[in-house]
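*Asks:* following is a predicted model, sequence given first.
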Amino acid sequence: QVQLVESGGGSVQVGGSLRLSCAASGRALSNYAMGWYRQAPGKGRQFIAVISKSGGRTYFADSVKGRFIISRDDAKNTVYLQMNSLKPEDTAVYYCAADLRDKDGSYFSTWPMDYWGKGTLVTVSA
């Protein structure tokens with residue numbers, strides 16, 4: 001079973017950038033499709049992005065498309081979320097997730113992944 005630990009969260013001003021990292025241990029990252037989700041205060045969990053096992057396919061929520069980039073470095077057992085042009089509504093706890101299934105990206109926008117980290121907080125202020 002894979003263990004996931006997120007890092008890189010913090011406070012940033014509107015329009016700024018942050019890069020989140022998710023380090024995997026226990027099993028090789030290459031076994032998994034990887035995703036990012038977030039949960040804002042008082043709201044449900046929201047799908048953000050997913051990257052396929054090969055890294056060749058990505059899929060994003062409309063709310064972050066064009067601003068966020070997901071990537072993976074299997075040699076480092078790490079997946080990244082580059083967040084640009086941040087808005088106050090991006091404030092949330094961000095979770096890394098993994099799944100052995102290599103479904104099309106839209107699948108994981110509906111069905112949550114199997115393995116989860118504990119999250120890292122991102123706060124965007126004006």
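*Replies:* Yep, it's here. All values derive from a computational prediction rather than experimental measurement.

*Asks:* please count neighbours and contacts with C-alpha atoms only from this point.
*Replies:* Will do.

*Asks:* any idea which residue sits dead centre in the protein?
*Replies:* Centroid-nearest residue in the chain, with Cα atoms, centre = their mean: Trp36, separated by 2.1 Å.

*Asks:* so what's it up against?
*Replies:* For Trp36, the residues meeting the contact criterion (Cα atoms under 8 Å, 6 or more residues apart in numbering) are Phe47, Ile48, Ala49, Val50, Leu81, Tyr94, Tyr95, Cys96, Ala97.

*Asks:* so how far is Gln46 from it?
*Replies:* Using Cα to Cα, to the nearest Å, one gets 9 Å for the distance from Trp36 to Gln46.

*Asks:* one step back: quick check: the residue nearest to the centre of the chain vs Gln1, distance?
*Replies:* Trp36 sits 18 Å away from Gln1, going by Cα to Cα.

*Asks:* then Tyr32?
*Replies:* Relative to Gln1, and taking Cα to Cα, Tyr32 is found at 11 Å.

*Asks:* go on, Gly56?
*Replies:* 24 Å.

*Asks:* with Thr91 instead?
*Replies:* From Thr91 across to Gln1, the span is 30 Å (Cα to Cα).

*Asks:* these two: who's more crowded?
*Replies:* Thr91 (20 against 8; other Cα atoms under 10 Å).

*Asks:* which residues in the protein form helices?
*Replies:* For the chain, the helices defined by DSSP state H cover 105-110.

*Asks:* quick one: least confident helix or strand in it?
*Replies:* Sorted by mean pLDDT, DSSP states H and E, the helices and strands of the chain end with helix 105-110, the least confident at a mean of 88.

*Asks:* now do it: which elements does it pack against?
*Replies:* strand 45-51, strand 58-60 (3 or more Cα pairs under 8 Å, 6 or more residues apart in numbering; DSSP states H and E).

*Asks:* Ser11 is nearest to which of these?
*Replies:* strand 45-51 (19.0 Å; Cα to Cα).

*Asks:* now that closest one: mean pLDDT?
*Replies:* Taken as a whole, strand 45-51 carries a mean pLDDT of 96.

*Asks:* neighbouring strands of that strand in the sheet, and parallel or not?
*Replies:* Its sheet considered, strand 45-51 pairs with strand 33-39 (antiparallel), strand 58-60 (antiparallel) by DSSP bridges.
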